[in-house]
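In: A predicted structure for the sequence below; I have some questions about it.
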Amino acid sequence: MTGSAEHRIWVQMRYRCSAPASADFDRYGGRGIKVDPRWDSFEAFIADVGPRPSRRHTLDRIDNDGDYAPENCRWATNREQSRNKRTSSVLVFNGRRQTVTDWAEELGISRSTIYMRLASGWSTTRALSEPVNIEKASRGSNAG
């Protein structure tokens, strides 16, 4: 499989974690992200993560502060990865942990409404459970 997409991904993963010359080193090896020694072998890497499901999938660390290791890696789409960044805002509500984007989609509340509610001092529970009062918002914008 040398020359395959999986092999290129494996090489790049190892390079960004171990080579200060890598443009991405500061975000990986430079902040302590390592590659599990088992994955010194490409064959072991493939045995653990399996073949890439599609061209849309890239290697993702489930815990962005964790190492590249069998229990912390998966193949993910760009959409999944964009929701799994260190900069993503994550909220715990009803015992579940999700990004603000995921909560917004699930609950039918815009992300901006959730962020404004939180910035106004609302608790997470209130921000995610209180319905949006469209009638009140309309009255406020027409008042003059």
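Out: Thanks, I have the structure now. As the structure is a prediction and not an experimental result, all values here were calculated from the model.
In: can you map out the helices along this protein?
Out: Ranges of helices in the chain, per DSSP state H, are 5-18, 42-49, 78-82, 100-107, 111-119, 124-129, 134-142.
In: buried sites along stretch 36-43?
Out: By neighbour count, with 16 or more other C-beta atoms under 10 Å as the criterion, the buried positions of stretch 36-43 are Asp36, Trp39, Phe42. Quick note: C-beta positions are derived from backbone N, CA and C, even for glycine.
In: ok, back up a step: between the helices of the chain, which gets nearest to Arg31?
Out: When the helices of the chain are ranked by distance to Arg31, counting by C-beta to C-beta, first place goes to helix 5-18 at 10.0 Å.
In: circling back to that earlier point, now for the helices of the chain, which one comes closest to Arg55?
Out: So among the helices of the chain, helix 5-18 is nearest, using C-beta to C-beta, at 7.3 Å.
In: Which residues are in contact with the closest residue to Leu107 other than its chain neighbours?
Out: Here the nearest residue to Leu107 in space, its sequence neighbours aside, is Leu128; by C-beta to C-beta, 6 or more residues apart in numbering that works out to 6.0 Å. Taking C-beta atoms under 8 Å, 6 or more residues apart in numbering, we find Leu128 in contact with Leu91, Phe93, Trp103, Leu107, Ile109, Ile114.
In: nearest to Ala69, of the helices of the chain?
Out: In this view, the helices of the chain are compared for proximity to Ala69 by C-beta to C-beta, and helix 42-49 is the closest at 8.6 Å.
In: Now that closest one: average pLDDT?
Out: Throughout helix 42-49, pLDDT has a mean value of 97.
In: One more: stretch 62-77?
Out: 93.
In: one step back: could the buried residues of stretch 36-43 be laid out in JSON lines, adding distance to Met1?
Out: Written out in JSON lines, the entries for those read as follows (distance: C-beta to C-beta, whole Å):
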{"residue": "Asp36", "distance to Met1": "19"}
{"residue": "Trp39", "distance to Met1": "14"}
{"residue": "Phe42", "distance to Met1": "7"}
